[in-house]
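Chemist: model this:
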Amino acid sequence: MLNLQRAAESTCSRSAASSGRVRVNARSLPRSSVSARVFNRKVTPPDAPKGEIVAQGREWLETILSRFGPIRDRAQTVTTLDFEKPLLELDKRIKEVRKVAEDNGVDVTPQIAELEQRARQLRKETYSRLTPTQRLQVARHPNRPTCLDIILNITDKFVELHGDRAGLDDPAIVCGIGSMDGVSFMFVGQQKGRNTKENIRRNFGMPQPNGYRKAMRFMRHADKFGLPIVTFVDTPGAYAGKAAEELGQGEAIAYNLREMFGLRVPIISVVIGEGGSGGALAIGCANKNLILENAVYYVASPEACAAILWKSRAASPQATEALRITAPELVRFGVMDEIVPEPLGGAHADPVSAFPAIKTAIMNTYNKYSVMSEAEIKLDRYAKFRALGQFREYVVKAGDWRAADKEREAATGVHTKAGTWAASEAEAKYIEQLVDGEERWEQLVKGREAWTNRPLQPPGLARSGIMEVATATVEVRRRKQAAAGANGNGAAAAKAPAASATVHA
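Modeler: Residues are numbered from 1 along each chain as shown. This next block holds a predicted model:
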């Protein structure tokens with residue numbers, strides 16, 4: 001113990017002699033402890049790294065942290081389409097020129113500006129003359145913004161909701177409540193993945209039946225609380241696996257189609273990638289259908305169409321052109337209502353610039369329906385789909401409709417007595433005969449509607465199997481009655497002679 005006290009005293013005395021800032025009172029403390037008080041002073045530890053070493057350490061730390069910062073350059077693993085390769089080569093050349101100029105201290109700003117202008121012009125020309133097959137490739141680009149990307153970037157707040165109230169939750173369908181400019185919306189969309197792992201979890205954006213039931217659950221929630229609905233369509237189609245068919249895939253889609261026409265809130269649908277078949281339509285029965293500039297919408301994928309009609313998937317480019325799946329053609333046919341412009345080079349090249357355009361289009365469309373009543377909103381949705389389709393009705397000789405089209409285009413035409421245009425005198429006469437026949441029939445059945453209208457079936461008889469069971473029951477009853485009648489007639493004939501003999505006796 002004495003040695004410990006002496007060591008403490010000698011140490012403190014040396015420190016006091018060197019700095020003059022330490023006071024030690026070892027006598028007044030117990031022999032087993034030593035107390036020291038150091039005044040505030042920045043003392044550099046002897047093993048502290050020097051200035052050069054500190055700079056190197058800071059540089060090393062910044063190198064590590066830079067991996068977690070925002071991406072400055074385009075990653076080398078980004079998918080590049082075939083027609084985009086000249087654009088990529090030009091971008092690489094610009095970067096190389098800029099790097100060489102910085103290393104050598106040469107000012108090449110005019111040359112770089114000229115190359116950038118040339119790159120913008122080339123990109124504009126390339127994307128202005130894309131073929132339907134190339135637009136399909138852009139719509140399927142793995143770096144294209146997904147449903148969640150768009151929702152999280154256009155909303156002020158967003159809360160994702162899960163479950164279909166039947167114990168299942170399909171990750172391929174994303175639902176939630178979000179707000180834009182102070183207005184709350186119900187968002188429903190189909191979600192794809194960025195890589196193989198995400199695509200497997202999201203089932204490559206192909207919903208199961210429980211996904212569509214989940215979507216309808218939250219659409220009803222929005223209808224109950226008066227929230228406008230925004231749907232994002234991005235799917236190659238509904239999942240067609242065995243398990244999906246066993247769970248009622250067709251019924252789930254058909255149920256959504258029917259129920260969406262009865263919702264009292266406005267529905268705005270945006271096709272952000274590819275919209276395939278009934279899988280897209282199950283959340284696409286909207287008042288307004290918007291589509292991004294490079295998105296596609298089809299009843300069957302071009303590969304499936306080529307396999308059915310041309311018996312080969314190699315004919316998919318021909319099928320892509322025949323299906324009319326691009327945005328301008330869909331708007332021309334009335335299937336889509338408005339095209340949302342994308343930044344130069346597509347939404348996959350500059351997604352940040354695509355988000356404001358999508359938000360603006362949604363809000364402009366919503367403002368048109370915010371002043372409508374519930375009945376007007378439902379009627380608007382019904383009228384939109386009733387007006388879809390283009391057809392012509394006229395008489396064709398021998399089924400040659402192409403020749404009939406040419407004759408009608410070249411004909412000056414005549415008018416019926418009521419003013420209806422017809423291509424020829426014979427067609428005008430035929431139209432008048434049809435109208436006269438309908439008028440005579442209406443006069444004939446006037447007051448006699450009970451003769452022409454069939455009686456209504458009782459409730460329940462229209463169900464599958466009920467009429468067959470009822471018919472079989474009636475037939476069995478008739479056979480029993482016929483058999484009983486035959487047996488009764490035979491017994492009566494046998495008793496009749498005996499009775500007469502008794503009387504005569």
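Chemist: quick one: the nearest residue to Ser353 once chain neighbours are set aside from Arg129, how far?
Modeler: Closest residue to Ser353 apart from its sequence neighbours, by CB to CB, 6 or more residues apart in numbering: Pro343 at 3.9 Å. (Glycine included, C-beta is placed from N, CA and C.) Computed as CB to CB, to the nearest Å, the Pro343 to Arg129 distance reads 18 Å.
Chemist: just Gly193 next, same as before
Modeler: Here the criterion is CB to CB. By it, Gly193 lies 31 Å from Arg129.
Chemist: what about the two, which has more around it?
Modeler: Relative neighbour count places Gly193 above the other of Gly193 and Arg129, with 18 against 9, counting by other CB atoms under 10 Å.
Chemist: could you verify my assumption that that one touches Asn203?
Modeler: No - using CB atoms under 8 Å, Gly193 makes no contact with Asn203, being 9.0 Å away.
Chemist: what does the helix or strand encompassing Glu160 contact?
Modeler: In the assignment (DSSP states H and E), Glu160 maps to strand 157-161. Contact with strand 157-161 is made by 151-152, 174-179, 187, 218, as judged by CB atoms under 8 Å, 6 or more residues apart in numbering.
Chemist: in a strand, the residue nearest to Ser353, correct?
Modeler: No - under DSSP: H, G, I helix; E, B strand; the rest coil, Pro343 sits outside any strand and is assigned coil.
Chemist: leaving out sequence neighbours, find the closest residue to His415.
Modeler: Nearest non-adjacent residue to His415 (CB to CB, 6+ apart): Trp421, at 5.8 Å.
Chemist: returning to what we had before: distance check, the residue nearest to Ser353 against Pro328.
Modeler: Pro343 is 18 Å from Pro328, where distance means CB to CB.
Chemist: which of these two has more residues huddled nearby?
Modeler: Between Pro343 and Pro328, counted using other CB under 10 Å, Pro343 has the larger neighbour count: 18 against 13.
Chemist: per-residue pLDDT, that one?
Modeler: Listed pLDDT for Pro343 reads 89.
Chemist: wait, it sits on Phe355?
Modeler: No - applying CB under 8 Å as the test, Pro343 and Phe355 come out as separate, 10.0 Å apart.
Chemist: next, the buried residues of the strand holding Glu160.
Modeler: The neighbour-count check on strand 157-161 (16 or more other CB atoms under 10 Å) flags 158, 161 as buried.
Chemist: list the strands paired with the helix or strand just after it, with their directions.
Modeler: Reading on from strand 157-161 to the C-terminus, the next helix or strand found by DSSP H and E is strand 173-180. Here strand 173-180 has these sheet partners by DSSP bridges: strand 157-161 (antiparallel), strand 183-190 (antiparallel).
Chemist: now the ones you listed in JSON lines, with mean pLDDT and distance to Glu442?
Modeler: Listed next are the strands paired with strand 173-180 as JSON lines, based on pLDDT from 0 to 100; distance: least, CB to CB, whole Å:
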{"stretch": "strand 157-161", "mean pLDDT": "94", "distance to Glu442": "54"}
{"stretch": "strand 183-190", "mean pLDDT": "95", "distance to Glu442": "47"}
